[in-house]
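> Please find the sequence and the predicted model below.
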Amino acid sequence: MAEELMQQLRSKATELLLREEWAESVVAYSHFITLCQDQLSKTHEHPDPDYLPKLQKSLCIALSNRAEARSRLREFSQALEDCDQALKIESAHFKSLLCKGKILLNLNRYSMAIECFKTAHLDPQSGGNSETLNGYLEKSKKLEFLSRTGAFDLSDWVVNGFHGKPPELAEYIGPVQILKSQISGRGLFTTKNIDAGTLLFVTKAVATERGILAGQDPDENAQLVMWKNFVDEVVESASRCRRTRSLVSTLSSGEDENGLEVPEMSLFRPETEGSNHPHEKPEMSSVLSILDVNSLVENAISAIVLGKNSGYYGVGLWVLASFINHSCIPNARRLHVGDHVTVHASRDLKAGEEITFAYFDVLSPLNKRKEMSKTWGFECNCKRCKFEGDLSTKQDIREIEMGLERGMDVGGAVYRLEEGMRRWVVRGKEKGYLRASFWAAFCEVYRSEKTVKRWGRRIPPMDSVVDSIAEAMGSDERLLKIVFEKTKKHGDVAVALERVLKLGRGVYGKIVKKQALRSLVELDIHEQSY
Ligand SMILES: C[S@@+](CC[C@H](N)C(=O)[O-])C[C@H]1O[C@@H](n2cnc3c(N)ncnc32)[C@H](O)[C@@H]1O
C-alpha cells in the first residue's frame, strides 16, 4: 500500500519537475521523502534483501531532484542540505554533485564548487555529460582564480563597445578592511598603499531592479513599482539564504550609526558560509530602513556601460560597497558590470586611508550637493564642503551663482571666479574644489570656441582646469570626454593621449587596459547624462 502511494508520488513529483513547476514538485518530493524515510526505518521487516538499497537509491534521487527544484527557486540553503543528504547515501552521485556545484558557484564558493565538479567526474553517469561538467569545472576554476587574484580584465568587452553579455566576474576582496570611521559609523579603509586604478573589491548584488523610465519626467508610479519589486527581491533573497541574511544584517539602518559593530572582514570573503542567524524572514521594516540608507543607483556611467538608453534606471544593494562613506572629494569609483559592482581607487591612496566614493554628482555646486546629501539623510562635512561653506559668505560667489542661474555669460562667470580665487588666495587643491563646483560653466566655455576666443588669456586653459579638478577629486568621465573632444579637434595627440589614459585609469580602473581605453575613448560613448 505504502509502496503504491510512493510510486504515485514519485511519478507526480517527477512530472512536476519536468514541467518546471518547482514549488509544487518540492511539495510532492517532500511527501515522497517522508514516506521513504519512514519505510527505511522499517526495512528489517522486509523479506527482499534488495529492498533497502533500492529504497536508498530512490531517496537519493528524490533528494537530488528536490535540491534541483529548490535551487531553481533560489532556496539555496535548503537545496544544499538536500544535496548533502543525497551525497551521504551515494558520495559520487552525479546529479547531486552537479546541483551542489552550481549552487556553490552561485554563492561564490568557488573552491568547493571545483571539488564538486571534480568528484562528479567519478560517477559513471558523468560520461554522457562530460561536456557540461567540464564547462562548469572550467568556469569555477576561472572564477576561483579571479577571486583570489583580482586579475579581471574588461578590455574585450570595452573594445566591443559594451555590447553583448557583460563578462562574468567573481567576488574579490582586495586590500581593504572595515573600521570605525570619523565620517560616520563604519567605513572601508585601505590596508596598504595603492595606486590610482587599483581594484579594491568586486561584489555581487543581493538584488537589483532595472528598467527604462522614459521621458524627461519619469513616471513616479513606475519608479515606485520598481522600488517595491526591489524591496521584495531583497526580502526574498535574505529569507532564502542564510549568508545573505547575515550580511544584510550588518548594514546600517541609519539609527545610532556610531554605535554599530564593526563586522569581521571574513564574513564578506567569497567561500564563507553565513553564520546561523535566528530569524528566517527579515523584518520588512528593518529591510526598508536598511535599503533607504544603503541602496545605490546604478549611475549614468554604468547605464552606459550596460548599454542601456538614457531613460535607464537601476537600483541595487551591494553589501560591501555599502560600507563606503560619501565624500565630495572621493578617492574611489564604482563600475557596474552585470550584477557585480567593481570598486577601484580613482587616486593614489595611502595605507589606512578611508575609501570614499560619491553618492551623487560631485561636479556640482555646494548648495546642490547639500540638497542631495539631505535626501540621503546626512550633512556632508568633507574638506571641500567645509572650505566652500566658509567661502560661501563671499558676495562674489553668490553673485556668480545667481548670475549663472539667470543666464549670465559663462565666460564672464569663469573669469570672475578665477579672479576671486586670486583675491581670496585660493591655492592648490582648493582651486580644484571650486572649479569642480562650477564645472558646468567651465565645460560650456571650453565647448564654445567663440567664448574661448573672446576671453582668451583671461580664463585658464582647459588642460590646467581638468588637471586641477582631477587632482582634487579624482577622475570623472566628463573630464575625460572634454579632453578627448579637444584632442580630436586640435592639440598634441601624444600629450593628450597620456592625459586621457591617466584620467581613464581613474574612471575605469586598471581592469580596462590601455589599448581598450584608447578604443573606448574613440568610441566616444561617454554621453553626458548626470
Ligand atoms: C551606505 S552607509 C555608509 C556606511 C555607514 N557609515 C555604516 O556605518 O554602515 C550610508 C550612511 O553613512 C553615513 N554617511 C556616509 N557618508 C557620509 C558623510 N559624508 N557625512 C556624514 N554621514 C555620512 C550616513 O549616515 C549615510 O546614511
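All right, it came through fine.
> Quick check: phi and psi at the residue of the stretch 51-200 of the chain found nearest the ligand.
Going by Cβ to the nearest ligand atom, the ligand is nearest to Gly185 of the stretch 51-200 of the chain, at 2.5 Å. Just so you know, the C-beta spots here come from the backbone N, C-alpha and C atoms, and that holds for glycine as well. Backbone torsions for Gly185, taken as degrees, to the nearest 10, come to phi 50, psi -130.
> again, but for Leu296
Here Leu296 shows phi and psi, under degrees, to the nearest 10, equal to phi -120, psi 140.
> do Glu371 as well
Here is the backbone geometry of Glu371 (degrees, to the nearest 10): phi -60, psi -50.
> before we move on, back to that, for the residue of the stretch 51-200 of the chain closest to the ligand, what are its contacts?
Gly185 makes contact with 252, 257-258, 260, 325, according to Cβ atoms under 8 Å, 6 or more residues apart in numbering.
> what do you get if the cut-off is 6 Å, keeping everything else the same?
By Cβ atoms under 6 Å, 6 or more residues apart in numbering, the contact set of Gly185 is 252, 257-258, 260.
> Skipping adjacent residues, who's closest to it in space?
By the measure of Cβ to Cβ, 6 or more residues apart in numbering, the closest residue to Gly185 outside its immediate chain neighbours is Glu257, 3.4 Å from it.
> that older thread, give the members of the contacts of Gly185 that are also in contact with the ligand.
With the criterion set as Cβ under 6 Å from any ligand atom, the members of the contacts of Gly185 near the ligand are 252, 257, 260.
> and the stretch 351-500 of the chain, which residues reach the ligand?
Counting by Cβ under 6 Å from any ligand atom, the stretch 351-500 of the chain sits next to the ligand at 376-378, 380-382.
> Compare those residues and tell me which is most surrounded.
Cys380 (24 neighbours; other Cβ atoms under 10 Å).
> part of a strand, is it?
No - read with DSSP: H, G, I helix; E, B strand; the rest coil, Cys380 is coil and lies in no strand.
> how near is it to Asp390?
Per Cβ to Cβ, to the nearest Å, Cys380 is found 14 Å from Asp390.
> now the strands: where do they sit in the stretch 101-250 of the chain?
Along the stretch 101-250 of the chain, counting by DSSP state E, counting those that start in this stretch, strands occupy 172-173, 176-180, 186-190, 199-204, 207-212.
> Present those as a markdown table; the columns should include mean pLDDT and mean neighbour count.
Listed next are the strands of the stretch 101-250 of the chain as a markdown table, based on pLDDT from 0 to 100; neighbours: other Cβ atoms under 10 Å:
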| stretch | mean pLDDT | mean neighbour count |
| --- | --- | --- |
| strand 172-173 | 96 | 20 |
| strand 176-180 | 98 | 17 |
| strand 186-190 | 98 | 22 |
| strand 199-204 | 96 | 24 |
| strand 207-212 | 86 | 19 |
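> want to throw those into a markdown table with distance to Glu144?
Formatted as a markdown table, these follow (distance: least, Cβ to Cβ, whole Å):
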| stretch | distance to Glu144 |
| --- | --- |
| strand 172-173 | 11 |
| strand 176-180 | 20 |
| strand 186-190 | 24 |
| strand 199-204 | 14 |
| strand 207-212 | 24 |
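> Among these, which comes closest to Gly352?
Minimum separation from Gly352 across these (Cβ to Cβ) falls at strand 186-190, 6.0 Å.
> how about the closest one as CSV, C-alpha atoms only?
In CSV, the C-alpha atoms belonging to strand 186-190 read as follows (Å, rounded to 0.1, in the frame of the first residue of the first chain):
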residue,chain,number,x,y,z
ARG,A,186,31.9,52.4,10.0
GLY,A,187,33.8,52.9,6.8
LEU,A,188,36.1,51.0,4.4
PHE,A,189,39.8,51.6,4.7
THR,A,190,42.9,50.6,2.7
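> Going forward, count from 201.
That works, and once the first residue is 201, the last one we named lands at strand 386-390.
> hmm, who's touching that strand?
With Cβ under 6 Å, 6+ apart as the criterion, strand 386-390 contacts 375-379, 381, 462, 523-525, 549, 551, 553-555.
> Give me the angle between the helix or strand harbouring Ser489 and strand 407-412.
Element membership for Ser489 (DSSP states H and E) is helix 484-494. Taking axes from the mean of the first three to the mean of the last three Cα atoms, to 10 degrees, one finds that helix 484-494 is oriented at 60 degrees with respect to strand 407-412.
> Run the chain-centre distance for helix 484-494.
18 Å (Cα atoms, centre = their mean, to the nearest Å).
> quick one: secondary structure of the residue most central in space within the chain?
Closest residue to the average C-alpha location of the chain: Val541 at 2.4 Å, with Cα atoms, centre = their mean. Secondary structure assignment for Val541 (three-state DSSP): strand.
> Surely it and Val519 touch.
No - assessed by Cβ atoms under 6 Å, Val541 is found out of contact with Val519, at 10.2 Å.
> circling back to that earlier point, pick the one among the ones next to the ligand among the contacts of Gly385 closest to the ligand.
Closest to the ligand, out of all of the ones next to the ligand among the contacts of Gly385 and judged by Cβ to the nearest ligand atom, is Ser452, at 3.4 Å.
> How much space separates Tyr633 from the ligand?
Distance, Tyr633 to the ligand, using Cβ to the nearest ligand atom, to the nearest Å: 15 Å.
> Who are the packing partners of the helix or strand hosting that residue?
Secondary structure assignment for Tyr633, by DSSP H and E: helix 628-637. Applying 3 or more Cβ pairs under 6 Å, 6 or more residues apart in numbering; DSSP states H and E, we find helix 628-637 packed against helix 583-591, helix 662-673.
> want to throw those into JSON lines with distance to Ser495?
Converted to JSON lines, those look like this (distance: least, Cβ to Cβ, whole Å):
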{"stretch": "helix 583-591", "distance to Ser495": "23"}
{"stretch": "helix 662-673", "distance to Ser495": "24"}
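> picking that back up, would you mind listing the buried residues in the helix holding Tyr633?
Going by neighbour count (16 or more other Cβ atoms under 10 Å), the buried part of helix 628-637 is 629-637.
> ok, now stretch 538-555?
Neighbour counts over stretch 538-555 (16+ other Cβ under 10 Å) mark 539-547, 549, 554-555 as buried.
> quick check, distance from that stretch to the centre of its chain.
13 Å.
> Looks like Gly538 contacts Glu368 (just checking).
No - counting by Cβ under 6 Å, Gly538 stays clear of Glu368, with 7.7 Å between them.
> which residues do those two both contact?
In contact with both Gly538 and Glu368: no residue, using Cβ under 6 Å, 6+ apart.
> hmm, back to that, separation between the residue of the stretch 251-400 of the chain closest to the ligand and Asp356?
Gly385 sits at a distance of 39 Å from Asp356 (criterion: Cβ to Cβ).
> just Ser330 next, same as before
From Ser330 over to Asp356 the distance is 28 Å, taken as Cβ to Cβ.
> what do you get for Asp238?
To Asp356, Asp238 is 56 Å away according to Cβ to Cβ.
> now swap in Lys714 and tell me
Lys714 sits at a distance of 14 Å from Asp356 (criterion: Cβ to Cβ).
> Check Glu571 too.
40 Å.
> ok, now Val543?
Using Cβ to Cβ, we find Val543 at a distance of 21 Å from Asp356.
> So which of the strands of the stretch 301-450 of the chain is nearest Leu216?
strand 407-412 (27.1 Å).
> Give the other helices and strands that the closest one contacts.
Where contact means 3+ Cβ pairs under 6 Å, 6+ apart, strand 407-412 is packed against helix 420-440, strand 512-517.
> sorry, back to before: turn the helices and strands packed on helix 628-637 into JSON lines, columns for mean pLDDT, distance to Ala313 and mean neighbour count.
Below are these laid out as JSON lines (pLDDT from 0 to 100; distance: least, Cβ to Cβ, whole Å; neighbours: other Cβ atoms under 10 Å):
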{"stretch": "helix 583-591", "mean pLDDT": "93", "distance to Ala313": "45", "mean neighbour count": "17"}
{"stretch": "helix 662-673", "mean pLDDT": "93", "distance to Ala313": "41", "mean neighbour count": "20"}
